[in-house]
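Enquirer: pasted the sequence and its predicted model underneath.
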Amino acid sequence: MSAPKAFHLTETPLARGTSLIEASAGTGKTYAITALFVRLILEEGLSVRDILVVTYTDAATEELRHRIRQTLADALQAFESGSSDIPFLQALVDRLSGEAKEMEARLQTALCGFDEAPIYTIHGFCQRMLKDRAFESRLLFDIELVTDPSEMLQEIADDFWRTHFYQAGRTLVNFALKSNCGPDRFVGLLRTFINYPLLEFLSQAKGMSLGSLSAELESGFQAVRAVWLAERDNIKTCFGSGAKWCNLPYNNDEEMASLFEQLDTCFSESETALEALQCLASFCPAALEAKKSKRSSLPVPQHRFFGLCEKLCKAERIWLAGLQLEFVSYARKELPRRKAERKIQHFDDLLTRLYEALAGPNGDALAEELRGRYKAALIDEFQDTDPVQYQIFHRTFSGGESFLFLIGDPKQAIYAFRGADIFTYLEAAKEATRRFTLGENWRSEAGLVVAVNKIFSAAPRAFVFDRIDFQEATPRGQADQTPLTSDGQAEPPFHVWFWKRTGKDITRGLAEKILPRVVAGEIARLLNGNTRIGQRRLIPEDIAVLVMENQQARKMQDALSDLNIPSVLHTTASLFQSQEVLEFRRILAGVALPGDERLVKAALATDLFGVDGAQLSACTESQWQEWLQRFHEYLDLWDQRGFFRMFRHWLQREGVRQRLLAFPDGERRLTNVLHLGEVLHQAETERRLGISGLLKWLPPAPPMPWTLVEGEGVGRRGADPRPQSPV
């Protein structure tokens, strides 16, 4: 792919068709979008209603709206006065000075009508188009938008499991559970299918019926079982301390005794047969060959049992693939049927429905209508676009009649966890009429920009794909005017730490214990020394620490806490994955059943109540009866006045605010509890849930997937569809 041309805010001509603008971090992407918007108003005579702007979050939408409005106001002032401190606007004033009055009129009109500017999230854009063109999109007028599809997805997965396994034999159930292929796995598969509706599933099981695959797995298991039961002693002679052909574990009597015991268990009717099935892979010929001793000339022993184990393991793999394909086929029919039956749709349906409408028999008319409404489209964060989203924009605006600007960072298109699709980006780059780059970095120090250029330019395929090349940036910002200094000396903007390996190289686990302390020590040095940014001292919120794996973030925060350095953990987890939800569920369970003393004790032992084991043990009979009475009162208040009235009374009576704020991360804890109260109140009201219904609706919290540690910084978008934790 040829290198893109530099995009100049005022000099690059505006041309119809598709223009791809590649923008690295700090190169002024948002500034470029506002500049394009202003130029389309001034040079092409478009109105604000003619220019569609699409981004990916509500926050980004509001920021773009504010920045564009402000730039229009600055442009109007520049043309009225004939000058501007903003170089981009001054260049426009100089170039269009002969039409200054006309330009002022256009800008004045744009500002007066700016509330009509179509600046949307991708879902907001699709929803508006579907509503405005309900006949072309075949959208029901009274359909309800449901933000959380979790309940329906779980329902479909549970129904599929009941249909296929409630009457199935023990063998099939055990093999499914052995591979964790239960309802939860199906829900995850269904979410993948929803997120990527054009995804095609390829498998060895494609075209085979699940019934035939199940029969083959069942017969394979029975064949292996029969040989083991008939020839157990003969098979055992191939292994143990007398076997000279192999290494561990096959030449160890104790380890083989354990494997033989597992074989006996998995071929029995024992309830533990499920766990013992794992041992079958150890008796496949490939596993035996891998443990053959290099010092021995003896061959690997042969027995038909080993070949049958190999055949069974292969049948299991194909059966599991077929089971998942069967579920996808089932879900593809059931999901739209149940949505139509209940007259609901989810956020992802907004995208797929508009895509289907554009690809359907009335698609040409709909695309023509959209092109008539929007003469130009500016697509922000284009690197996060998936195939469905790209096809919507491509089908609508790429015919050469409209201005279509795709703005994004191709290097971030590799982040599939954010919904990006690298191949969609590459396809868009291939089909674009023009390709540009923003090559000036306005954010970082010059030394840092140069260092990053050196590192990535040294790797011929820094981003794996040949069609994604690294474009060096030119430093143009003001960061050098406020450099980072230590004791009056400028700090190098880029440091690389090397771990010196020794002959007794430490294990990864030990390194993960040491490295957080080393990093925390460096942060403490910077904060406690005479380190400044310009004239002000360095503070914790200036520092961010990125980690590779989830659990590393918690270790990093612990290391910082040991040095009394405040920090904030940012996570992709939803509110329902927080520790506060787990504890509050215990409290609600105790309130719902105050006669169950175990539940009441579990509730009291949470941080929200703050009663420790010693206090519970020392509790007198009268004190315990007082606690039980208090829980009965909470239940009566919940039953008579509703959840939220009970919740507010509990907060005040138990001093929850004061207790939580005493923790180092107390603000986050309290925010999560208050947010949870609002969510449960909304669920109780909208779903008309009683006490037991609300408890069932509130799921238990799984372990927290921490992903980022920062000094007080910014978070990352989450993937869970349920309410997001505000911290």
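Expert: Good, I have the coordinates.
Enquirer: which intervals of this structure have sub-threshold pLDDT?
Expert: Applying pLDDT under 70 to the chain picks out residues 1-2, 134-142, 271-272, 414, 416-420, 500-511, 550, 569-577, 699-727.
Enquirer: show me the domain layout of it.
Expert: 5-124+351-438, 155-336, 484-571, 579-700 (automatic domain parsing).
Enquirer: deepest-packed of those domains, please.
Expert: domain 5-124+351-438 (a mean of 18; mean count of other C-beta atoms under 10 Å). Backbone N, C-alpha and C define where each C-beta goes, glycine included.
Enquirer: other SSEs contacting whichever strand or helix holds Leu52?
Expert: Element membership for Leu52, per DSSP states H and E: strand 51-55. Counting contacts by 3 or more C-beta pairs under 8 Å, 6 or more residues apart in numbering; DSSP states H and E, strand 51-55 is packed against helix 29-43, helix 58-81, strand 119-121, helix 122-132, strand 376-379.
Enquirer: only C-alpha atoms, please: export the next helix or strand after the longest one in PDB.
Expert: Using DSSP H and E, the next helix or strand after helix 58-81 towards the C-terminus is helix 87-95. In PDB, the C-alpha atoms belonging to helix 87-95 read as follows (Å, rounded to 0.1, in the frame of the first residue of the first chain):
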ATOM      1  CA  PRO A  87      -3.800  29.500  12.400                       C
ATOM      2  CA  PHE A  88      -6.400  27.400  10.600                       C
ATOM      3  CA  LEU A  89      -9.000  30.100  10.800                       C
ATOM      4  CA  GLN A  90      -6.600  32.900   9.800                       C
ATOM      5  CA  ALA A  91      -5.700  30.900   6.700                       C
ATOM      6  CA  LEU A  92      -9.400  30.600   5.800                       C
ATOM      7  CA  VAL A  93      -9.900  34.300   6.300                       C
ATOM      8  CA  ASP A  94      -7.000  35.100   4.100                       C
ATOM      9  CA  ARG A  95      -8.100  32.700   1.400                       C
END
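Enquirer: between helix 58-81 and helix 87-95, find me the angle.
Expert: 40 degrees (axes from the mean of the first three to the mean of the last three C-alpha atoms, to 10 degrees).
Enquirer: re earlier: need the helices and strands packed on strand 51-55 in CSV with distance to Glu667, can you?
Expert: Rendered in CSV, the data for those read as follows (distance: least, C-beta to C-beta, whole Å):
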stretch, distance to Glu667
helix 29-43, 30
helix 58-81, 20
strand 119-121, 29
helix 122-132, 31
strand 376-379, 37
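Enquirer: ok, which of those comes nearest Glu326?
Expert: Distances from Glu326 to each of the helices and strands packed on strand 51-55 were compared by C-beta to C-beta, and the smallest falls on helix 122-132, at 30.8 Å.
Enquirer: neighbouring contacts of the closest one?
Expert: Outside helix 122-132, the residues that touch it by C-beta atoms under 8 Å, 6 or more residues apart in numbering are 52, 54-56, 61, 118, 120, 137, 139, 145, 347, 350-351, 353-354, 357, 370, 389, 392.
Enquirer: Glu472 is nearest to which of the domains of the chain?
Expert: That would be, of those and by C-beta to C-beta, domain 5-124+351-438, which comes in at 9.6 Å.
Enquirer: so who does Leu351 touch?
Expert: Contact partners of Leu351, counting by C-beta under 8 Å, 6+ apart, are 122-123, 126, 388-389, 392.
Enquirer: of these, just say which sits nearest to Phe663.
Expert: Distance ranking of the contacts of Leu351 against Phe663, using C-beta to C-beta, places His123 first at 36.7 Å.
Enquirer: and the angle for the strand holding Leu52 with helix 122-132?
Expert: Between the direction of strand 51-55 and that of helix 122-132, the angle (the same axes, to 10 degrees) works out to 130 degrees.
Enquirer: neighbouring strands for strand 51-55, and are they parallel or not?
Expert: Based on DSSP bridges, the strands next to strand 51-55 in the sheet, each with its direction, are strand 119-121 (parallel), strand 376-379 (parallel).
Enquirer: for those, give me TSV that also has distance to Ile235.
Expert: Output for those, formatted as TSV (distance: least, C-beta to C-beta, whole Å):
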stretch	distance to Ile235
strand 119-121	63
strand 376-379	64
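Enquirer: partner strands of the host helix or strand of Ile407 and their direction?
Expert: Under the criterion of DSSP H and E, Ile407 resides in strand 403-408. In its sheet, strand 403-408 lies beside strand 17-23 (parallel), strand 376-379 (parallel), with partners assigned from DSSP bridges.
Enquirer: let's have these in a markdown table, adding distance to Ile33.
Expert: Formatted as a markdown table, the strands paired with strand 403-408 follow (distance: least, C-beta to C-beta, whole Å):
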| stretch | distance to Ile33 |
| --- | --- |
| strand 17-23 | 9 |
| strand 376-379 | 6 |
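Enquirer: so for Ala286, which of those sits nearest?
Expert: Evaluated over the strands paired with strand 403-408, closeness to Ala286 peaks at strand 17-23, with 46.2 Å, by C-beta to C-beta.
Enquirer: show me where the stretch 551-700 of the chain has strands.
Expert: Ranges of strands in the stretch 551-700 of the chain, per DSSP state E, counting those that start in this stretch, are 568-571.
Enquirer: in the stretch 201-350 of the chain, which spans are helices?
Expert: Listed in chain order, the helices of the stretch 201-350 of the chain (DSSP state H, counting those that start in this stretch) span residues 210-236, 253-266, 273-276, 285-290, 304-342, 347-359.
Enquirer: do the stretch 451-600 of the chain as well
Expert: Along the stretch 451-600 of the chain, the stretches classed as helices by DSSP H, counting those that start in this stretch are 508-528, 550-562, 579-592, 597-604.
Enquirer: now do the strand holding Ile407 against helix 29-43, angle only.
Expert: Taking the same axes, to 10 degrees, one finds that strand 403-408 is oriented at 170 degrees with respect to helix 29-43.
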